[in-house]
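Novice: Coordinates for the following, if possible.
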Amino acid sequence: MKVYLINTPGFTETNKVLDFLNSLNGPISFNYNNAPIEISDYAPSFDKLFAACKLYRSTNADIKEDDFVVLLTEKPNQSNWFSASKEKNIFVCTSDWERFSHIDTIYSIAFQVAENLIQSILGLNIDNIDEKYVHFMLKSCINDFCQNKFDIIAKMKSASICNDCLQLVRQKFEGNMEVFFQLKSILNRIRDIYELEFTNLQIGQLSNVVIHQDGTFRFEKYNLEMQLNPLRSALYAFFLKNGTIKYTNEDLRNNVDLKNEIIQLYRYFKRQIEFKNINEQYANLYNKINNDEIICTIDKLFQQEIDGRRPNYPSNKSEINHEINKTIQIDQVKDNYYITKGINNSVSLSNHYVKWADGII
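Specialist: Numbering: from 1, shown residues only. Down below sits the predicted model:
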């Protein structure tokens, strides 16, 4: 997937936006043509802004039908919107951001680029707004409408996606989740910039987490490791892999896709520890028995309270947090990012800090 950035003459920092967008790995390639696009109107209409994108498409044979064109312009638009997308064409207003945010303007612009790419792929239509997925009441979701422009900071500081929109993400990005993960990582990085500046912390204090199939979680920067059993490895790997996406207990109990993801992770960790001691001739039988046991274990993990017996998910989550605390000696930074807190089944660490030692997942 390719995204082509263009700009009007009054915006001169496109290269900085480009460098930031390309700093996070993934299948999307961001590109920039250094030839400015002229728009004569002081405050152009949406039609003229999108027409500039279409004109650029028509004069550049390298741009494919599925590629995106993003116009960065210092010009305000007639509707006074921050940005909008239509038919794989996007515009972002680059001026006046200092009124709303104290961080460098390039991050606010990059947030708008990533947000609009997600919204375009989700099929959100500015000419026929679906209020289930475009929120006129503030939800701190990236699809908040932000009629009060100062509300934009709430979603930039959260980089969150509400449950309704997350269901649409799973549907529209099916088979292409790596594209979503790259865009979400961009949003998460900008959220991190806000949070770290607010708490007077530096991004350099955070460590990558390298996940090994034997249940070892290595915190590279701290030169520390912790070891978890296969079940807890699967749970913590699930939290890390999904980054800041929040899931309720009901989501984990009832959503088949989420449960299958945890089952696959449990199988991944369990096989490394137990399968290596099984003779090859018994492998198929072992796999069948083991698979049934894995599914049963995950089903029991999230079951509702029965006859006064609590499900063992909360205790496993608590033990994971205990091991993290014991291993890396939690302080304010680590507590904010590595621990799973309260009812949110997630961590606050962006998944671009997560690596798999064998590169399989």
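Novice: just the strands in the stretch 101-250 of the chain please.
Specialist: Taking DSSP state E, counting those that start in this stretch, the strands of the stretch 101-250 of the chain run over residues 209-211, 216-219, 224-227.
Novice: and those, which is most packed in?
Specialist: The highest mean neighbour count among these, using mean count of other Cβ atoms under 10 Å, belongs to strand 209-211: a mean of 21. Every C-beta, even on glycine, is put in place using the N, C-alpha and C of the backbone.
Novice: rewinding a little: minimum distance to Asn351: which of the strands of the stretch 101-250 of the chain has it?
Specialist: The closest of these to Asn351 is strand 209-211. By Cβ to Cβ, the value is 9.7 Å.
Novice: other SSEs contacting the closest one?
Specialist: When contacts are defined as 3 or more Cβ pairs under 8 Å, 6 or more residues apart in numbering; DSSP states H and E, strand 209-211 packs onto strand 216-219, helix 230-241, strand 354-356.
Novice: and if we set it to 6 Å?
Specialist: Packed against strand 209-211, as judged by 3 or more Cβ pairs under 6 Å, 6 or more residues apart in numbering; DSSP states H and E, are the following elements: strand 216-219, strand 354-356.
Novice: In TSV, list these along with distance to Ser315 and mean pLDDT.
Specialist: Formatted as TSV, the helices and strands packed on strand 209-211 follow (distance: least, Cβ to Cβ, whole Å; pLDDT from 0 to 100):
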stretch	distance to Ser315	mean pLDDT
strand 216-219	19	94
strand 354-356	24	88
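Novice: could you redo these as CSV and give each row distance to Leu206?
Specialist: Shown next, in CSV, are these (distance: least, Cβ to Cβ, whole Å):
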stretch, distance to Leu206
strand 216-219, 10
strand 354-356, 11
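Novice: Between those strands, which one is closest to Asn60.
Specialist: Taking Cβ to Cβ, strand 354-356 is the member of the helices and strands packed on strand 209-211 nearest to Asn60, at 36.2 Å.
Novice: Direction included, what does that closest one pair up with?
Specialist: Strand 354-356 sits in its sheet next to strand 209-211 (parallel), going by DSSP bridges.
Novice: State the mean pLDDT of the partner strand.
Specialist: Here the mean pLDDT over strand 209-211 is 93, rounded to a whole number.
Novice: Use 55 as the first number from now on
Specialist: Right, with 55 as the first residue, what we last looked at is strand 263-265.
Novice: can you list contacts of it?
Specialist: Defining contact as Cβ atoms under 6 Å, 6 or more residues apart in numbering, one finds that strand 263-265 is touched by 271-273, 291, 294, 408-411.
Novice: Closest to Lys324 out of the residues you listed?
Specialist: Each of the contacts of strand 263-265 was checked against Lys324 using Cβ to Cβ; the closest is Ala291, at 12.1 Å.
Novice: Tell me how far that closest one lies from Asn242.
Specialist: Going from Ala291 to Asn242 by Cβ to Cβ, to the nearest Å gives 18 Å.
Novice: ok, back up a step: quick check: which of the helices and strands packed on strand 263-265 is nearest to Ser94?
Specialist: In this view, these are compared for proximity to Ser94 by Cβ to Cβ, and strand 408-410 is the closest at 47.6 Å.
Novice: How far away from the center of its chain is that closest one?
Specialist: 15 Å (Cα atoms, centre = their mean, to the nearest Å).
Novice: What residues of it count as buried?
Specialist: In terms of neighbour count (16 or more other Cβ atoms under 10 Å), strand 408-410 has its buried residues at 408, 410.
Novice: try stretch 132-140
Specialist: Along stretch 132-140, the positions that meet the burial threshold by neighbour count (16+ other Cβ under 10 Å) are 135-140.
Novice: try stretch 304-312
Specialist: Within stretch 304-312, the residues that qualify as buried by neighbour count (16+ other Cβ under 10 Å) are 305-307, 309, 312.
Novice: May I ask which two of these are separated the most?
Specialist: Arg307 and Leu312 (9.1 Å).
Novice: hmm, back to that, closest to Asp205 out of the helices and strands packed on strand 263-265?
Specialist: Between Asp205 and those, the shortest gap by Cβ to Cβ is with strand 408-410, which sits at 30.5 Å.
Novice: what does the closest one rub up against?
Specialist: 262-265, 294.
Novice: mind running it again at 8 Å?
Specialist: The contact list for strand 408-410 (Cβ atoms under 8 Å, 6 or more residues apart in numbering) reads 262-265, 294-295, 297.
Novice: related to what we said a few turns ago, so which of the helices and strands packed on strand 263-265 is nearest Ala164?
Specialist: With Cβ to Cβ, the closest approach to Ala164 among the helices and strands packed on strand 263-265 belongs to strand 408-410: 21.0 Å.
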